[in-house]
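Participant: just coords:
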């Protein structure tokens, strides 16, 4: 184990970890947005919207995220979409994560007992009010934990953008493995930073989950 | 530069070879991840403390880091310690180990979910602990775990695209090769995505078949 080398390259890994965090945050925001829209589409009363939502989930969950990223980054210019690697990473991963989150959010909404809507309607709330004041607040509690799982997967998936040369943790590890021939040391540095990020995220999700529970 | 899908037939043989490799790697890694998952689960639940704890650490590391990073470690790390494996073998080992850890989690939960009475009954009938595990508890646990493991295997198929990064000529890298010759990334990546999607649908179909076959309440 070459600790001296690890110490020397550590600042670069730390900087890369910030890129990974920034990437994760932006991707999570876009993913949640796409997931909410996707779930709304899948639960819509319009058939065409339901179909679009289902197709979105099926296609984006049915093909590798890496390929989706490549289509956007390398194929994009052919159809007039010019993005730099970081932008392509956020958009590609965000839309991908959104497909998974669609199912999480939809699952939480349909898990709320249907009697709740009926009761709300009986009490004179409109369908719209029943959704916003009765169903969604309950669904929100149910979706925190599974969205936390999605978030964990999303953070690990940010490693994929190394393949389009975004200088984040995995790319940095790869580059230093190539130049120092010390794969284990570099894995350890990047791995520990990933685990810290994931651990902190996990704790934050658990905290939010505790806060939103009633009991 | 517009889109031109008419060039695809010329490169279809490269792509189809890539499809074959992707299917082969996925199947091999799936088998490894399943066998590894059972072994890991048994270790995690029944092995003595000194074996269990380091193992837990390994599991923790595998679940807490990205697969791509693990692939780099396995591919370059093995070379480092003098084991020069072909990239596709390193890819299969990497994918197999990564998913073995996830499968192990599922199998552990389902072993614990098998009623304790089953083990007690088997022991009473004169089976040794190992026999009871192998012949009574694990078969029941495996049945319960097929649907979630099936989902893991579909995830494995998609993650098999990552081994292109360490130079395995599967579907993704084959598409890249064709792109290198034609400068048509959009067309070939879409084609690759379509193939992945079709393989995915086939796997879902097989998964449903297996689930129906092994479910007790037919």
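Facilitator: That came through fine. Nothing here was measured: the structure is a model prediction, and the numbers come from that model. Numbering: from 1, shown residues only, chains lettered A, B, ... in the order given.

Participant: which stretches of the chain form helices?
Facilitator: Since you didn't name a chain, this refers to chain A. Counting by DSSP state H, chain A has helices at residues A:3-42, A:47-62, A:65-70, A:85-111, A:114-122, A:127-129, A:136-157, A:169-180, A:183-212.

Participant: wrong one, chain B
Facilitator: Listed in chain order, the helices found in chain B under DSSP H are B:8-46, B:49-64, B:67-80, B:87-113, B:116-124, B:129-132, B:138-159, B:171-182, B:185-214.

Participant: Near chain A, which residues of chain B? Just list them.
Facilitator: By CB under 8 Å from any CB of the partner chain, the residues of chain B that approach chain A are B:1-3, B:60-61, B:64-70, B:72-73, B:76-77, B:79-80, B:158-162, B:164-165, B:172, B:175, B:179, B:184-187, B:189-190, B:192-193, B:196-197, B:200-201. C-beta: built from backbone N, CA, C; applies to glycine.

Participant: In PyMOL, how would I select the buried members of those?
Facilitator: Selection of buried members from the residues of chain B next to chain A for PyMOL, criterion 16 or more other CB atoms under 10 Å in any protein chain shown:
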select buried, chain B and resi 61+64+65+66+67+68+69+70+72+73+76+77+158+159+160+161+162+164+165+172+175+179+184+185+186+187+189+190+192+193+196+197+200
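
Participant: what does chain A have sitting close to chain B?
Facilitator: By the rule CB under 8 Å from any CB, the part of chain A lying against chain B is A:59, A:62-68, A:70-71, A:74-79, A:156-160, A:162-163, A:169-170, A:173-174, A:177, A:181-184, A:187, A:190-191, A:194-195, A:198-199.

Participant: quick one, what contacts residue A:159?
Facilitator: A:168-170, B:66-69 (CB atoms under 8 Å, 6 or more residues apart in numbering or on different chains).

Participant: An error on my part: the question was meant for residue B:214.
Facilitator: By CB under 8 Å, 6+ apart, the contact set of residue B:214 is B:143, B:146.

Participant: In chain A, where is pLDDT below threshold?
Facilitator: Low-confidence segments of chain A, defined by pLDDT under 70: A:215.

Participant: hmm, 90 instead?
Facilitator: Chain A contains residues with pLDDT under 90 at A:1-8, A:78, A:80, A:112-115, A:117-118, A:127-128, A:131-132, A:177-185, A:188, A:212-215.

Participant: doesn't residue B:175 make contact with residue B:15?
Facilitator: Yes. The criterion here is CB atoms under 8 Å, and residue B:15 meets it with residue B:175 at 6.6 Å.

Participant: what sits in contact with each of those two?
Facilitator: Taking CB under 8 Å, 6+ apart as the contact rule, residue B:15 and residue B:175 both touch B:188, B:191-192.

Participant: returning to what we had before: of all the helices of chain B, which lies closest to residue A:17?
Facilitator: Closest approach to residue A:17 among the helices of chain B (CB to CB): helix B:67-80, 12.6 Å.

Participant: tell me, what residue is most central in chain B?
Facilitator: The centre of chain B sits closest to residue B:30, judged by CA atoms, centre = their mean, with a distance of 3.8 Å.

Participant: That residue contacts residue B:156, doesn't it?
Facilitator: Yes. Assessed by CB under 8 Å, residue B:30 is found in contact with residue B:156 at 5.8 Å.

Participant: hey, what's in contact with both of the two?
Facilitator: Shared contacts of residue B:30 and residue B:156 (CB under 8 Å, 6+ apart): residue B:99.

Participant: JSON lines for the shared contacts of residue B:15 and residue B:175, including distance to residue B:211?
Facilitator: Output for these, formatted as JSON lines (distance: CB to CB, whole Å):
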{"residue": "B:188", "distance to residue B:211": "35"}
{"residue": "B:191", "distance to residue B:211": "31"}
{"residue": "B:192", "distance to residue B:211": "28"}
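
Participant: need these in a markdown table with pLDDT, can you?
Facilitator: Shown next, in a markdown table, are those (pLDDT from 0 to 100):
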| residue | pLDDT |
| --- | --- |
| B:188 | 93 |
| B:191 | 94 |
| B:192 | 94 |
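
Participant: Figure out which of the helices of chain B is closest to residue A:118.
Facilitator: Among these, helix B:138-159 comes nearest to residue A:118, with 31.6 Å by CB to CB.
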